[in-house]
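Asker: Give me coordinates for this.
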Amino acid sequence: MKLEKVYKQVTLGLNIEFDTIVLYSIYLLSILVPLLIGKPQLLVGSIINTLIVYSTLKYGIKKTLPVLLLPSITATSMGILFDGATYFLLYVLPLIVISNFILSYFVSKKNLKFGLVGMLLKGTFLIITYKLMSEIVGLPSIFVTSSYLQFITASVGVLIGFTLYRYSKN
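Answerer: Numbering: from 1, shown residues only. Coordinates of the predicted model:
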């Protein structure tokens, strides 16, 4: 009973529920992480994947859509990844968003095994599509090489995201 009162109380002088503040904080982090940290991809990707997983588990796919879109848009608009090859992100941005959606869809089943399947499918999807794009539009090899890192960043995101979600439920 006491916990329910805390979540419904006025926060920072505003009549906003705590969950709403957390959700909008996740949105803000999904912009700030690529903007302020930028590199290395291992760190940024792990944080973004954690935000995707936690947000999907806590709020569902619909409310997670900004987290699936904003980090890639921010990175592309700021030109902070892959040095001079950033304009190629315009080609792969839809692929990154689709891969994030794949991860989010499987995570939404709220089962760690499905989360791991989502992680595998996300990485596999990016490897295949980046290899195709390198042949079709001459996508630099750095993208294909970096796509293998998606398995690591998505794994970290799935493990930390599920852990945070389970902890937050208690």
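Asker: going forward, measure contacts and count neighbours with C-alpha atoms only.
Answerer: Fine.
Asker: OK, contacts around the nearest residue to residue 140 once chain neighbours are set aside?
Answerer: Closest residue to residue 140 apart from its sequence neighbours, by CA to CA, 6 or more residues apart in numbering: residue 134 at 6.4 Å. Residue 134 makes contact with 140, 141, 144 under the criterion CA atoms under 8 Å, 6 or more residues apart in numbering.
Asker: Looking at the residues you listed, which is nearest residue 43?
Answerer: Using CA to CA, residue 144 is the member of the contacts of residue 134 that sits closest to residue 43, with 18.3 Å.
Asker: Show me what the helix or strand encompassing the closest one is packed against.
Answerer: In the assignment (DSSP states H and E), residue 144 maps to helix 141-147. Applying 3 or more CA pairs under 8 Å, 6 or more residues apart in numbering; DSSP states H and E, one finds that helix 141-147 contacts helix 112-136.
Asker: Flag every buried residue along the helix it packs on.
Answerer: Buried residues in helix 112-136, counting neighbours by 16 or more other CA atoms under 10 Å, are found at 112, 114-116, 118-127, 129-131, 133-134.
Asker: any low-confidence regions in this structure?
Answerer: 1-15, 78-87 (pLDDT under 70).
Asker: Now with 80, please.
Answerer: For the chain, the stretches with pLDDT under 80 are 1-16, 38-39, 75-91, 139-144, 170.
Asker: for it, what spans make up the helices?
Answerer: 2-8, 18-32, 41-59, 61-78, 89-107, 112-136, 141-147, 149-169 (DSSP state H).
Asker: Comparing the ones you listed, which stretch has the densest surroundings?
Answerer: Of all those, helix 41-59 carries the top mean neighbour count, a mean of 23, counting by mean count of other CA atoms under 10 Å.
Asker: C-alpha coordinates for it, PDB please?
Answerer: The C-alpha atoms that make up helix 41-59 are tabulated as PDB, following Å, rounded to 0.1, in the frame of the first residue of the first chain:
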ATOM      1  CA  GLN A  41      30.500   1.400 -29.900                       C
ATOM      2  CA  LEU A  42      30.800  -1.400 -27.300                       C
ATOM      3  CA  LEU A  43      29.800   1.000 -24.500                       C
ATOM      4  CA  VAL A  44      27.200   3.000 -26.400                       C
ATOM      5  CA  GLY A  45      25.600   0.000 -28.000                       C
ATOM      6  CA  SER A  46      25.400  -1.900 -24.700                       C
ATOM      7  CA  ILE A  47      23.700   1.100 -22.900                       C
ATOM      8  CA  ILE A  48      21.200   1.600 -25.800                       C
ATOM      9  CA  ASN A  49      20.400  -2.100 -26.000                       C
ATOM     10  CA  THR A  50      19.900  -2.100 -22.200                       C
ATOM     11  CA  LEU A  51      17.500   0.800 -22.600                       C
ATOM     12  CA  ILE A  52      15.600  -1.000 -25.400                       C
ATOM     13  CA  VAL A  53      15.300  -4.200 -23.300                       C
ATOM     14  CA  TYR A  54      14.300  -2.600 -20.000                       C
ATOM     15  CA  SER A  55      11.900  -0.200 -21.700                       C
ATOM     16  CA  THR A  56      10.300  -3.000 -23.700                       C
ATOM     17  CA  LEU A  57       9.900  -5.200 -20.600                       C
ATOM     18  CA  LYS A  58       8.500  -2.300 -18.400                       C
ATOM     19  CA  TYR A  59       6.400  -0.400 -20.900                       C
END
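Asker: Having no further points to raise, I will conclude here.
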